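Q: using only what follows, build the 3D model:
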Amino acid sequence: MALLDVTDLKTFFHTRAGVVRAVNGVSFSVEKGETLGIVGESGSGKSVACYSLMGLIPKPPGRIESGKALFEGEDLLQMSEAQLNRIRGRRIAMIFQDPMTSLNPFLRIEDQLIEPLLLHGVTDKATARKQALEMLEKVGIPGASRRIRMYPHEFSGGMRQRVMIAMALITDPDLLIADEPTTALDVTVQAQILELIKEMQKQLNMAVIFISHDLGVVAGSCDRVNVMYSGQIVESGATDAIFAQPSHPYNQALQRSIPALQTKGEELFTIEGQPPDLTRPLNGCAFAARCTHATDACGQSAPHLERIGETHWSACLRVQHQEITLTP
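A: Below is the predicted model of the structure:
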């Protein structure tokens, strides 16, 4: 049995402008010790899907319309707030995008680190302080015994991100959700953060859901990848298959958009057009209006993920019917 098994998750936002179908029928699973990547443009539904699992969607305007999210057999979506509180921060932890907005500027780092341990009754305050110091040292904070008494604004961006990782891992969770954990960090610090997460994952035999728009980071960090577009998963598979054999035009276009792969001196590749308006129902493929391979049928028939290989699924009708073959 998978550690986490999500089926037909739908999260809509009911606004004055209409109902925004932010996550519209997403299904995936995560095994113990596995790293699952979720990639896509901003607004594709990556973060909303995982926030839904954690019960962190603002209600209103957000509402989970349907779906199941079985965490070791228990449905997260049917839990009360009290039941979720026993799991959040204890068995499922999360690293948020911006540590400066996630850390309390009025509390010392020490107080914020020991809070999960005290809140979940893991240990007493004295032992919690000792564990907090040990965790800061593990994540590579120099002079941890001195800096643990400092405030968030006294840390650099990379150091604050390390503090967030320490806070997420201090309770030895079974699942870590890392939401753009390397955003706005320089490449050297980014590499250190990724290596740190990988090292801690091995020590704890922890599963990781890695949310990112950086394909290079995902390619080097994940076992499997889900490609999301307009609230749906359009391609899913083993990392090697996703990057070596793209089987949805959106995935192909994303890979062609990587600046490092462009020929020097030539104009950068861009995906023409804009994502669809999610307040309006989609009759066919959400990517059809921007796709160079689209036919009339693509705009009329709603595609579903279908297996196209042993570890590979695609929601492209033309790929499923073997009408086209895509290259990276």
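
Q: residue 116 - how many residues pack around it?
A: Look at residue 116: counted by other CB atoms under 10 Å, it has 21 neighbours. For the C-beta atoms, the positions are set from N, CA and C on the backbone; glycine is no exception.

Q: which one is it nearest to, not counting chain neighbours?
A: residue 89 (4.7 Å; CB to CB, 6 or more residues apart in numbering).

Q: equivalent analysis for residue 106, please.
A: residue 151 (7.8 Å).

Q: just to revisit the earlier point, give me every residue that touches the residue nearest to residue 116.
A: Applying CB atoms under 8 Å, 6 or more residues apart in numbering, we find residue 89 in contact with 116, 119-120, 171, 173.

Q: tell me which two in those are the farthest apart.
A: Farthest pair in the contacts of residue 89 (CB to CB) is 119 and 173. Separation: 13.6 Å.

Q: more neighbours: which of those two?
A: Each of residue 119 and residue 173 has its neighbours counted (other CB under 10 Å); residue 173 has more, 22 against 14.

Q: skipping adjacent residues, who's closest to the more buried one in space?
A: Excluding its sequence neighbours, the residue lying closest to residue 173 (CB to CB, 6+ apart) is residue 93, at 4.1 Å.

Q: correct me if wrong: that neighbour contacts residue 178.
A: No. Using CB atoms under 8 Å, residue 93 makes no contact with residue 178, being 9.4 Å away.

Q: which strand residues bridge the residue nearest to residue 173?
A: Note on residue 93: beta-bridge partners residue 176, judged by DSSP bridges.

Q: residues contacting it?
A: 167-169, 171, 173, 175-177.

Q: what two of those are the furthest from one another?
A: Spatial extent of these (CB to CB) is set by the pair 167 and 175 at 15.3 Å.

Q: more neighbours: these two, which one.
A: Neighbour totals were compared for residue 167 and residue 175, and residue 167 leads with 26 against 22 (other CB under 10 Å).

Q: help me confirm that the more buried one comes into contact with residue 110.
A: No. Contact criterion CB under 8 Å: residue 167 and residue 110 do not qualify, at 11.0 Å.

Q: distance of residue 229 from residue 287?
A: Distance, residue 229 to residue 287, using CB to CB, to the nearest Å: 6 Å.

Q: for the stretch 201-328 of the chain, what spans make up the helices?
A: 215-221, 239-244, 249-256, 317-320 (DSSP state H, counting those that start in this stretch).

Q: save these as JSON lines, and put in distance to residue 233, mean neighbour count and mean pLDDT too.
A: Listed next are those as JSON lines, based on distance: least, CB to CB, whole Å; neighbours: other CB atoms under 10 Å; pLDDT from 0 to 100:
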{"stretch": "helix 215-221", "distance to residue 233": "14", "mean neighbour count": "18", "mean pLDDT": "87"}
{"stretch": "helix 239-244", "distance to residue 233": "12", "mean neighbour count": "18", "mean pLDDT": "93"}
{"stretch": "helix 249-256", "distance to residue 233": "11", "mean neighbour count": "21", "mean pLDDT": "93"}
{"stretch": "helix 317-320", "distance to residue 233": "14", "mean neighbour count": "20", "mean pLDDT": "93"}
